[in-house]
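K.L.:
how would this look folded up:
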Amino acid sequence: MQLEVNQAGFPVVEGIDIMRYKPGVIGKPPKARFARTSTTTVMATEFPPIQWTIPGYVPEGFNVLAGRQKLGKTWLAIDWSIAVACGGTAMGTVPVEAGDVLYIDMENGPRRIQRRIQALYPDERVRPNLSHLEWVTDAPSLDNGFVDALDDWRRSVVKPRLVVIDVLQRIKPAGNANRNAYENDYSSWAPLQHWAMEQGIAVVGLHHTKKGGADDPLEALSGSNGLAAVADTTLVLDRTSNGITLYVRGRDVDEKESALAFDAGFWTLQGDAAEVRRTDERSIILEALAGSATPMSPTELADITGMAGPNVRQMLSRMARAGEVKKVGYGRYTRDA
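P.N.:
Here you go, the predicted model:
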């Protein structure tokens, strides 16, 4: 109940304990209020499904694709862009829905863009229709009209589905000296994340990783943790002695690490990285056993293959159970299963 107050702001209703009265509060609405929603309402609400641009990898929202220099991030982003523009398959295996794509490439001019497309499709007669893939080679910074320009593109096309920014550093605004690096990064990218989620469009920003990497892939992103914190999804492209992998973690995507292969500009998804590694290790062990005239021990196989001894022992046990190798005597194996 709203109380009646006098000109001085005091309540005029008898019986009010004036000792508890706070001047300027009674009779005046609060300056700010939370828009509250009960759990019952939340659970009864039907939300539209998550819109996937690259199913399982790139959902709607702000996505960061990070990796070391010259590892092929641009080629991977082009792979996704062409797949969406044509309604084809991404990474050779992932079917995608067709739509309009804007590729903002501020590191390569039109000539280099043309060379990349020609490298992928040297024969113009079999080149797909790429009219729904548009390119931009110059753009304002994020605090100088970038989001407005994005929205202008969105309204100008029929089915906006993907925006690629190559690279994010080129549109990053100058930091505020009164903020730390985390605060600057988070506040810089928040408007882009908000626009992407509000419009239901996937924005993929290319970024570099630190030299030396990190135990946690998200910690490997160059700069502060602010970028990874604001991003809806983070993908990290990496190459190790086990091959090339694409790690993904996000708010709407299941965490996973996939094995990829790269050849002449084309990326191919090979499957779960751990399973692909196991398959490769099996092949290496089988090849080593085939080249030996006598059964071999796990230690001998580890020395020949360069694999870790515990990994060899575990793999030999799995392979023996699967009938791929045969255990002979005490701790020795042969390929003749």
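K.L.:
And the nearest residue to residue 290 once chain neighbours are set aside, how far from residue 152?
P.N.:
Leaving aside its sequence neighbours, residue 290 sits nearest to residue 335 (CB to CB, 6 or more residues apart in numbering; 5.2 Å). In this view, the C-beta of every residue, glycine as well, is placed from N, C-alpha and C. Separation of residue 335 from residue 152 (CB to CB, to the nearest Å) stands at 64 Å.
K.L.:
Those two: which is more packed in?
P.N.:
Counted by other CB atoms under 10 Å, residue 335 and residue 152 do not tie: residue 335 has more neighbours, with 18 against 10.
K.L.:
Double-check that one against residue 287; I have them as touching.
P.N.:
No: with contact defined as CB atoms under 8 Å, residue 335 does not reach residue 287; the gap is 9.0 Å.
K.L.:
Would you state the helices of the stretch 101-250 of the chain in chain order?
P.N.:
Assigned by DSSP state H, counting those that start in this stretch, the stretch 101-250 of the chain shows helices spanning 110-120, 147-156, 181-199, 226-230.
K.L.:
counting contacts, what elements does the first one pack onto?
P.N.:
With contacts defined as 3 or more CB pairs under 8 Å, 6 or more residues apart in numbering; DSSP states H and E, the secondary structure elements packing on helix 110-120 are helix 73-86.
K.L.:
The helix it packs on: which residues count as buried?
P.N.:
73-86 (16 or more other CB atoms under 10 Å).
K.L.:
residues touching the closest residue to residue 68 other than its chain neighbours, list them.
P.N.:
Counting by CB to CB, 6+ apart, residue 68 lies nearest to residue 209, which is 5.6 Å off, once chain neighbours are set aside. With contact set as CB atoms under 8 Å, 6 or more residues apart in numbering, residue 209 has these partners: 66-68, 220-222, 236, 238.
K.L.:
Please render the residues you listed as JSON lines that adds distance to residue 110 to the earlier fields.
P.N.:
Listed next are the contacts of residue 209 as JSON lines, based on distance: CB to CB, whole Å:
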{"residue": "66", "distance to residue 110": "26"}
{"residue": "67", "distance to residue 110": "24"}
{"residue": "68", "distance to residue 110": "26"}
{"residue": "220", "distance to residue 110": "32"}
{"residue": "221", "distance to residue 110": "29"}
{"residue": "222", "distance to residue 110": "27"}
{"residue": "236", "distance to residue 110": "30"}
{"residue": "238", "distance to residue 110": "30"}
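K.L.:
what two of those residues have the greatest distance between them?
P.N.:
222 and 238 (13.7 Å; CB to CB).
K.L.:
Compare those two (neighbour count), which wins?
P.N.:
The residue with more neighbours, out of residue 222 and residue 238, is residue 238; 21 against 14, by other CB under 10 Å.
K.L.:
Tell me how many other residues surround residue 133.
P.N.:
By other CB under 10 Å, neighbour count at residue 133 equals 20.
K.L.:
Check the gap between the residue nearest to it when sequence neighbours are not counted and residue 107 for me.
P.N.:
Once flanking residues are discounted, residue 133 sits nearest to residue 85: 3.8 Å by CB to CB, 6+ apart. From residue 85 over to residue 107 the distance is 20 Å, taken as CB to CB.
K.L.:
got it, and residue 254?
P.N.:
Relative to residue 107, and taking CB to CB, residue 254 is found at 31 Å.
K.L.:
Equivalent analysis for residue 296, please.
P.N.:
Counting by CB to CB, the gap from residue 296 to residue 107 is 50 Å.
K.L.:
Of these two, which one has the most company?
P.N.:
More crowded of residue 296 and residue 107, by other CB under 10 Å: residue 296, with 24 against 12.
K.L.:
do you know how far that one is from residue 281?
P.N.:
15 Å.
K.L.:
before we move on, what about residue 255?
P.N.:
Note on residue 255: its distance to residue 281, by CB to CB, is 23 Å.
K.L.:
Which one of these two is surrounded by more residues?
P.N.:
residue 281 (19 against 9).
K.L.:
what are the phi and psi values for that one?
P.N.:
Residue 281 adopts backbone torsions of phi -60, psi -40, taken as degrees, to the nearest 10.
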